[in-house]
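*Asks:* Everything below, folded, please.
(chains A and B)
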Amino acid sequence: MPLILGALLAPLMQSAIIRTKSVMAGRVGPPLLQPYRDLWKLVRKGAVFSETSSWIFQMGPSVGLASIILAMTLIPFGGFAALSSFTGDFILVAYLMALGRFFTVAAALDTGSSFEGMGASREATFSAFAEPAFFLALAALARQTGQVSLGPALAAVSTATWMRAAPTLSLALAALSIIFLSENARIPVDDPATHLELTMIHEVMALDHSGPDLAMIEYGAALKMWLFGAIIVGLTAPWRAGNRWMDTAAALIGMLILGVGTGVIESSMARLRLIRVPQLLLVAIVLSALALAL
Amino acid sequence: MTALLISLLFFGAGAIASLIFANRGRWPTMVGAGGVILGSLCGIVPATRVALGAPAQSLRVAWDVPYGSLYLRLDALAAFFLVPIFVICAVAALYGAEYLATYRGRKALAPPWFFLNVLAASMVTVVLAHNAVLFLMAWETMALSSFFLVTFENEKESTRQAGWIYLVASHIGAAFLLVLFVMLGKENGSLDFDRFTASSGAGTLFVLALVGFGAKAGFVPLHVWLPEAHPAAPSHVSAVMSAVMIKTGIYGLLRILTLLGPPRAWWGWALCAVGLTSGIAGVLLALAQHDLKRLLAYSSVENVGIIALGLGVGIIGLSAGAPFIAVAGFAGALLHVLNHALFKGLLFLDAGNVARGTHTRELDHLGGLLKSMPATGATFLVGAAAISGMPPLNGFVSEFLIYLASFKGAVSGDASSAVPMLAAISGLALIGGLAVVCFTQAFGIVFLGQPRTVHAGEAQEAGRAMLAAGFILAAGCVLVGLFGASVVRSMGPVIRGVTGLPSISVGDSLAQAADSVARVGCFGAGLTALAALIGGARAITLARRSVASAATWDCGYARPSPRMQYTASSFAQPVTETFSMLLRTRQSLHGPQGMFPEGAEFYSRTEDPYQSLIFRPLFRALSRAMATLRPFQQGKVQLYVLYIAATLLVLLLWEVA
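*Replies:* Alright, predicted model coming up:
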């Protein structure tokens, strides 16, 4: 169920961000279903491949999408438990996303374009710094709840846990939010709406992909944002009504708030200079280390 | 035991026969490689059986050497290390038979085959030896035979230099081991391992073992010989040295740990600290390299760091009385020994294919090799993904176990034991993230894009034997990744041997860890299936559409050239920039000048800071101090006679007084 919800609604979260940005800029903005239309349009198109590229380039998007879908099966949502749950499952989640990154980066290098090489290098570097922050934040969560598995750990977070350990959880939450923005290529780390290849990180890696491959990359990015969002919302929305549908509705509202919040951040601040990004991620590491120290 | 003795006999016969038939064309290759392969095949059966739980066997023969005895013992710990030794030696011999063939007529091929056989035999003896004298003799033979293999291309100045650094580093390590065994022997009155018992000075002994064995394993800062020796050696020798020879250092450390009695918590802290330093420094220095084999050598430092981290976590668990943490930590470390043997062996062999096919190892001179060397590229991809810890492959399984142990420790332990666990978690995460940068760089720059030079454009795929060797190891990486749970379950005997925990708690903890690993294996299989499904659907969709090919998009510039591609140094630049305090990368830039610039040049170079800041000044000071003794050496016999007479006189006076 969490997988189906995510698969269906993930692009809608991007719409929420875009709509928020439009409203704040005083524009009407594209229809809410635009991301779905874009995906459908891309799937029906043909493809153009670079003469330089090899089978790695063609394989990259498929592996990326497969790994993010598998990672989604380990994420609980609202009143529904994850499809699969075992001790240490979040290690697998992090490494599945790393696998997706490995192939995206390889596919970018396969084109021989210096722009894509640049994006690949930045993406790989920033993710390397985000990884310790992610693990430490989850360690803080695990230490508070005594659970070394994502589903049970999130399920164990209740209003009582928040009353007891608000500082720890909010620090972990702050760290996770920074990771949410950086891993999903949002402002202040990366600007998904930029039109200058030199300043892009994530988007520039997909420059040469077209047709169904590009659809898979876009859809995978939407799923990835949903995945991180589900973790954050699961941590911040500890109310358990007992009815799984009502819990799920609450979580959906949480996702909407997260999307709107991201849109507000994107409208109200500029992106950081690239050289500052590692420092931001270092802040995330320090925040989660502090969460553990408290 | 008989089979192992026969295996040693094969190695000996191979060594001698390759010398006897030295002048007969292909004969030294045939008998040399044959000796290694037959010996390995012969030994692998008993080693596997004992590693899986068959009773330990021993053999003891009296020996004339004082305090020495020919005491060989095959227990689970020894057997666990013997398995990768035999596998890698056999594969390397298969590879070397073809790799060395191009030197025929230019160089004598009997010595490398002689020394490869001796190296194999001495590694086996090191692991089997249960007497300190025998152990040290085998240890020294191992160092010397590998020294002669490293200096195979001794006509090159850089190779001779690398050989010297290796020789000196080996002997500094061996000196610590000598002190260690003398102290142990003095206390216990015997140099047989099973007579050694826990002693009061266990802490000192642990430190001696850590330094002595650490020099062989490549712990930072004693790693400086690895990035010199590995690139200099022929590729199959680099594979053997990096995959299994440096692991004898880990073996030695574990063997001494089993002799020192219950471990103290600070040993675990020390190993965690060493592991974190080695892991992070190793991967950072690997990233900054331009030479493919140097990169791989530094990555060995990183992986040895991960092993040390696992051991440290395990020891902390052991001393805190938490069996699961101990078992998962040790299992992760030991499994990583096996895994690193598989993927690092594979990567060095593939690096050899690249060097052979293009005549260069310089990353920025390569590119686009996936098209001209498809099989090498595919196996390199497997190795690169495995060493970065990517899920369906073996590297993830061992790192997962270490993570699991650390998370359990971080959750359950009190504050003081949680700190090293959290350091291990964040360190492993950082190492893992940087390893992805490092190996996407290595694979991407060498195999993807367009050839950067003419050499790379004319690359030739390696021959059948060289490719077969790579395929065997790549298959190993995939199998251990998918069936990791079975491997973990079968590690009971060796874990019992190392930790000394009762078999019930080891079995329980292993089963618990194996459950998670089994789920990981399912996910790996699921991932492969799902990716294949998506790929298939994509292929069917595209078959009905128009598929065109065009130049790479470069912002409208339609004639991109290979020189416009991102290079290894530019790919690594964000990381080297962030860690510039540690790496001290030196850059030289001659930018374009004037209205019509003639040319521009940029070069970056990262020296090993441990080499340039610690060891070079140290050895320079040492050699200056030694130079003050030089006036005593005049080369005049009369003067030397005077020295002797003076010495005698002094001794006489001493005796009288």
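*Asks:* And the helices in the stretch 101-250 of chain B?
*Replies:* Taking DSSP state H, counting those that start in this stretch as the test, the helices found in the stretch 101-250 of chain B are B:110-128, B:132-150, B:157-188, B:202-217, B:226-232, B:235-240, B:247-259.
*Asks:* Could I get the average pLDDT for the shortest one?
*Replies:* What it means is helix B:235-240. Model confidence over helix B:235-240 averages 96 on the pLDDT scale.
*Asks:* cool, and the third one?
*Replies:* Model confidence over helix B:157-188, given as mean pLDDT, is 92.
*Asks:* ditto for the last one
*Replies:* For helix B:247-259, mean pLDDT rounds to 95.
*Asks:* Convert it to PDB, retaining C-alpha atoms only.
*Replies:* Only the C-alpha atoms of helix B:247-259 are listed here, as PDB (Å, rounded to 0.1, in the frame of the first residue of the first chain):
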ATOM      1  CA  LYS B 247      45.800 -10.000   4.700                       C
ATOM      2  CA  THR B 248      48.500 -12.200   6.400                       C
ATOM      3  CA  GLY B 249      49.000  -9.100   8.600                       C
ATOM      4  CA  ILE B 250      45.300  -9.300   9.600                       C
ATOM      5  CA  TYR B 251      45.700 -13.000  10.200                       C
ATOM      6  CA  GLY B 252      48.700 -12.400  12.400                       C
ATOM      7  CA  LEU B 253      46.900  -9.800  14.400                       C
ATOM      8  CA  LEU B 254      43.900 -12.100  14.900                       C
ATOM      9  CA  ARG B 255      46.200 -15.000  15.900                       C
ATOM     10  CA  ILE B 256      48.000 -12.900  18.500                       C
ATOM     11  CA  LEU B 257      44.600 -11.700  19.800                       C
ATOM     12  CA  THR B 258      43.500 -15.300  20.400                       C
ATOM     13  CA  LEU B 259      46.700 -15.900  22.400                       C
END
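*Asks:* Can you check what angle separates it from helix B:110-128?
*Replies:* With axes from the mean of the first three to the mean of the last three Cα atoms, to 10 degrees applied, the angle from helix B:247-259 to helix B:110-128 works out at 20 degrees.
*Asks:* Find the nearest non-adjacent residue to A:H202, please.
*Replies:* Closest residue to A:H202 in three dimensions, ignoring its sequence neighbours and counting by Cβ to Cβ, 6 or more residues apart in numbering or on different chains: A:A185, at 3.5 Å. All C-beta spots, glycine's among them, are computed from the backbone N, C-alpha and C.
*Asks:* so how far is chain B from the one you found?
*Replies:* According to Cβ to the nearest Cβ, to the nearest Å, A:A185 stands 15 Å off from chain B.
*Asks:* hang on, the earlier thing: dump the helices of the stretch 101-250 of chain B into JSON lines; add distance to A:G229 and mean neighbour count as well.
*Replies:* As requested, the helices of the stretch 101-250 of chain B are exported to JSON lines (distance: least, Cβ to Cβ, whole Å; neighbours: other Cβ atoms under 10 Å in any protein chain shown):
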{"stretch": "helix B:110-128", "distance to A:G229": "52", "mean neighbour count": "26"}
{"stretch": "helix B:132-150", "distance to A:G229": "54", "mean neighbour count": "22"}
{"stretch": "helix B:157-188", "distance to A:G229": "51", "mean neighbour count": "18"}
{"stretch": "helix B:202-217", "distance to A:G229": "44", "mean neighbour count": "22"}
{"stretch": "helix B:226-232", "distance to A:G229": "44", "mean neighbour count": "26"}
{"stretch": "helix B:235-240", "distance to A:G229": "45", "mean neighbour count": "30"}
{"stretch": "helix B:247-259", "distance to A:G229": "43", "mean neighbour count": "23"}
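*Asks:* Which neighbouring elements make contact with the helix or strand containing B:A468?
*Replies:* With secondary structure defined by DSSP states H and E, B:A468 is part of helix B:464-482. For helix B:464-482, the packing partners by 3 or more Cβ pairs under 8 Å, 6 or more residues apart in numbering or on different chains; DSSP states H and E come out as helix B:76-99, helix B:323-358, helix B:374-387, helix B:394-412, helix B:503-543.
*Asks:* and of those helices, who's closest to A:A94?
*Replies:* A:A94 lies closest to helix B:394-412 among these, at 9.3 Å (Cβ to Cβ).
*Asks:* average pLDDT for that closest one?
*Replies:* Averaging the model's pLDDT scores along helix B:394-412 yields 94.
*Asks:* distance between that helix and the chain's centre?
*Replies:* For helix B:394-412, the distance from its own C-alpha centre to the chain's C-alpha centre is 21 Å (Cα atoms, centre = their mean, to the nearest Å).
*Asks:* The residue nearest to A:H202 - that's part of a strand, no?
*Replies:* No - assessed with DSSP: H, G, I helix; E, B strand; the rest coil, A:A185 is coil; it does not lie in a strand.
*Asks:* Dump the helices and strands packed on helix B:464-482 to TSV, plus mean neighbour count and distance to B:K636.
*Replies:* Formatted as TSV, the entries for the helices and strands packed on helix B:464-482 read as follows, by neighbours: other Cβ atoms under 10 Å in any protein chain shown; distance: least, Cβ to Cβ, whole Å:
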stretch	mean neighbour count	distance to B:K636
helix B:76-99	26	49
helix B:323-358	28	50
helix B:374-387	25	59
helix B:394-412	28	62
helix B:503-543	18	68
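*Asks:* Kind regards, and thank you for your time.
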